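Trainee: please find the sequence and the predicted model below.
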Amino acid sequence: MTDTAHDLGRSATLWELLERRAVLTPDGPALIQAADSPRHDRRLTFRALRRRAERTAAGLHELGVRPGSRVAWQLPTRVETVVLAMALARLGAVQSPLIPSYRDREVGFALRESGARFFAVPGRWRGFDHTALAHRLAAELPEPPLVLEAYDTLPEADPATVRLPPPPADGTEVRWIYWTSGTTSDPKGVLHTDRSLIAAGACLAHALRLGPDDVGSMAFPYAHVAGPDYTVMMLLYGFPAILLEHFALPGSLAAYRRHGVTTAGGSTAFYSMFLAEQRKDPAQPLLPTLRLLAGGGAPKPPELYYEVTRELGCVLTHGYGMTEAPMITMGAPDDPDELLATTEGRPPADMEIRVVDGEVRLRGEAVCAGYLDKAQTREAFDEDGFFRTGDLGRLTESGHLVLTGRAKDIIIRKGENISAKEIEQLLYEHPDVADAAVIGLPDPVRGEMVCAVVEQPARARPLTLDGVTAHLRNAGLSVHKLPERLEVVDALPRNPTLGKVLKYRLRERFGDAPAPKG
């Protein structure tokens, strides 16, 4: 990290970080809203971002938002969303970001549990009426929040005429409530501070070796915990990022190309999408300026790493993070290929990793302050203050982390533990498999049977269970780990943020079907 970025990284709050960047490079580009036509692209400098955020803070203050006020927002990845988040950071409000694809169940739960008194929505967006949803849910609450439409316009006022409170000085107070996916039960409200988010973003920027000449991209929902992480990176190093409300290929490529994006990514699903586009015309570089793909949030097959670096001609660094700890480990661009392909990278200096009975546990500044539910907080941390991730893994001699699966993703067949991830990585190497998810299904004889669910690429040959097991045998997989069942689907179910496969849906879909005998 450069001296300037290191100094900025000591900022106590996000607002302080923005103020200091606006002084250092006031006219440097910060946000670029990508549109379908270059004429409609919008740009905001760091100085303009600070100015608009403070005017919005004044407007929110006139509506009654105060330090500590709980404000939920469900907005797409737009300039206005970043401005709103920074305005709330200026006021010291408690923010509860919600992914735009969430509907009644998730949104209603978050509003109720967070006690939000204000709720910002985009109105009608991508065919869905968020305002109607907000009013419908608000009417069910004993203290309904004030609903604001904040897509094109934000409340603004002149800071010179509004008596704003001083900017918050303590970065260790809880000012963010993020929500886990809630795949099998109600979501958990994850508590973060400005300091924990700054720590995560600073470590990520340092690992990726980013600089002021880079052009980044936010193709994921800004309401994801990666939103402020990415913002921290931009503020530390003074580089811009293009914002896309909806990422799709090949449609988003024009914006990437005209703005000269140098670093992109998001998760394994993003890598695969870029790779599929490159293969349509292998002779022409898909993105000539791209030097780095980076992401996390889902397992990465080693073979995918080699395909991306070979065919896209860029570096691929993959990391490990979660809502509770946005940056745990990250591969560095100068790591050897073998480590970039097979590990999740190394933790930063202030992130402690301890492996206890195979489970990865964490302690560090980037780890959340716990959950809204105090009982869940007590269960999540051990007696030494380490956070229990529920992920299984090991550390190499070089300090790199290798994840071997989720504790709940271990299949126990006839008393033998089987790693779903190990089988998935070998399945990915099959030429007629685009992606795979391996799950355990209840079985009266075995306890659990191994079921491989695969997604095939276009024009692939039909798959059979015998053909798949022959491939796995040839790859050296032990006989007791071979799948006893194969399901081929058009598309694996994924979450709307980083494209992580939702295995619970596969278990629900295939768990009630009769199992083959034998």
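Mentor: Arrived safely.
Trainee: how about Cys368, secondary structure?
Mentor: Using DSSP: H, G, I helix; E, B strand; the rest coil, the structure places Cys368 in coil.
Trainee: my read: it touches Gly189, true?
Mentor: No - using Cβ atoms under 8 Å, Cys368 is not in contact with Gly189, being 10.1 Å away. For every residue, glycine as well, the C-beta is placed using N, CA and C.
Trainee: more neighbours: the two, which one.
Mentor: Just comparing Cys368 and Gly189: by other Cβ atoms under 10 Å the higher neighbour count belongs to Cys368, 26 against 20.
Trainee: residue boundaries of the helices in the stretch 101-250 of the chain?
Mentor: Assignment of helices within the stretch 101-250 of the chain using DSSP state H, counting those that start in this stretch yields the ranges 104-114, 130-138, 194-208, 226-237.
Trainee: revised request: answer the last question for the stretch 351-500 of the chain.
Mentor: For the stretch 351-500 of the chain, the helices defined by DSSP H, counting those that start in this stretch occupy 374-380, 420-428, 465-474.
Trainee: got any ranges where the stretch 101-250 of the chain has weak pLDDT?
Mentor: 181-185 (pLDDT under 70).
Trainee: can you rerun that using 80?
Mentor: Applying pLDDT under 80 to the stretch 101-250 of the chain flags residues 181-186.
Trainee: residues contacting Leu465?
Mentor: The contact partners of Leu465, taken as Cβ atoms under 8 Å, 6 or more residues apart in numbering, are Pro483, Glu484, Arg485, Leu486.
Trainee: at 6 Å instead, please
Mentor: Leu486 (Cβ atoms under 6 Å, 6 or more residues apart in numbering).
Trainee: make 15 the first number, not 1, from now on.
Mentor: In the new numbering, first residue 15, that becomes Leu479.
Trainee: ok, now how distant is it from Glu438?
Mentor: With the distance defined as Cβ to Cβ, to the nearest Å, Leu479 ends up 16 Å from Glu438.
Trainee: what bridges to the closest residue to Leu162 other than its chain neighbours?
Mentor: Spatial nearest neighbour of Leu162, excluding adjacent residues (Cβ to Cβ, 6 or more residues apart in numbering): Ala134 at 4.6 Å. Assessed by DSSP bridges, Ala134 has beta-bridge partners Trp87, Leu162.
Trainee: surely Ala134 is in contact with Trp87?
Mentor: Yes - assessed by Cβ atoms under 6 Å, Ala134 is found in contact with Trp87 at 4.0 Å.
Trainee: the two: which is more packed in?
Mentor: Neighbour count, other Cβ under 10 Å: between Ala134 and Trp87, Ala134 has more, with 29 against 23.
Trainee: against Pro114, how distant is the more buried one?
Mentor: Note on Ala134: its distance to Pro114, by Cβ to Cβ, is 12 Å.
Trainee: same check on Arg377?
Mentor: Arg377 is 33 Å from Pro114, by Cβ to Cβ.
Trainee: neighbour count winner among the two?
Mentor: Neighbours around Arg377 and Pro114, counted as other Cβ under 10 Å, are more numerous at Pro114. The numbers are 23 against 17.
Trainee: doesn't Pro90 make contact with that one?
Mentor: Yes - using Cβ under 6 Å, Pro114 is in contact with Pro90, at 5.2 Å.
Trainee: now Phe234: closest residue in space that isn't a chain neighbour?
Mentor: Nearest non-adjacent residue to Phe234, counting by Cβ to Cβ, 6+ apart: Gly280, 4.8 Å away.
Trainee: show me where the stretch 165-314 of the chain has strands.
Mentor: Ranges of strands within the stretch 165-314 of the chain are 188-193, 203-207, 230-232, 255-257, 277-280, 306-309, based on DSSP state E, counting those that start in this stretch.
Trainee: for the third one, packing partners?
Mentor: In this case it means strand 230-232. Here strand 230-232 touches strand 255-257, going by 3 or more Cβ pairs under 6 Å, 6 or more residues apart in numbering; DSSP states H and E.
Trainee: what residues of the strand it packs on count as buried?
Mentor: Neighbour counts over strand 255-257 (16 or more other Cβ atoms under 10 Å) mark Ala255, Ile256, Leu257 as buried.
Trainee: by mean pLDDT, point me to the weakest helix or strand of this protein.
Mentor: helix 17-22 (a mean of 74; mean pLDDT, DSSP states H and E).
Trainee: other residues contacting that one?
Mentor: Contact with helix 17-22 is made by Arg34, Leu250, Tyr251, as judged by Cβ under 6 Å, 6+ apart.
Trainee: next, the buried residues of that helix.
Mentor: Across helix 17-22, burial judged by 16+ other Cβ under 10 Å covers Thr18, Ala19, Leu22.
Trainee: so which of those residues comes closest to Leu304?
Mentor: In terms of Cβ to Cβ, no member of the buried residues of helix 17-22 lies closer to Leu304 than Ala19, at 22.6 Å.
Trainee: relative to Leu306, how far out is that closest one?
Mentor: With Cβ to Cβ as the criterion, Ala19 and Leu306 are 17 Å apart.
Trainee: repeat that for Tyr385.
Mentor: Here the criterion is Cβ to Cβ. By it, Tyr385 lies 34 Å from Leu306.
Trainee: kindly report the same for Val176.
Mentor: Distance of Val176 to Leu306, computed by Cβ to Cβ: 42 Å.
Trainee: circling back to that earlier point, looking at the strands of the stretch 165-314 of the chain, which is nearest to Met344?
Mentor: Taking Cβ to Cβ, strand 306-309 is the member of those nearest to Met344, at 7.7 Å.
Trainee: just the pLDDT at the residue nearest to Phe234, thanks.
Mentor: Gly280 carries a pLDDT score of 83 in this model.
Trainee: and it, what is it in contact with?
Mentor: With the criterion set at Cβ under 6 Å, 6+ apart, Gly280 makes contact with Ala233, Phe234, Gly309, Leu512.
Trainee: ditto for Gly399
Mentor: Shown in contact with Gly399 (Cβ under 6 Å, 6+ apart): Arg377.
Trainee: equivalent analysis for Ala421, please.
Mentor: Each residue near Ala421 by Cβ under 6 Å, 6+ apart is listed here: Gly404, Leu406.
Trainee: try 7 Å
Mentor: By Cβ atoms under 7 Å, 6 or more residues apart in numbering, the contact set of Ala421 is Glu373, Gly404, Leu406.
Trainee: please apply the same query to Leu105.
Mentor: Residues counted as contacts of Leu105 (Cβ under 7 Å, 6+ apart) are Ala71, Leu74, His75, Val79, Arg80, Pro81.
Trainee: hmm, back to that, most neighbours among the contacts of Ala421, which one is it?
Mentor: Most neighbours among those, by other Cβ under 10 Å: Leu406, with 22 neighbours.
Trainee: what's the closest non-adjacent residue to Thr483?
Mentor: Nearest residue to Thr483, sequence neighbours excluded (Cβ to Cβ, 6+ apart): Leu496, at 4.8 Å.
Trainee: swap in Ala240?
Mentor: Spatially, and ignoring its direct neighbours in sequence, Ala240 is nearest to Phe234 (5.9 Å; Cβ to Cβ, 6+ apart).
Trainee: do you know how far the one you found is from Asp243?
Mentor: 11 Å.
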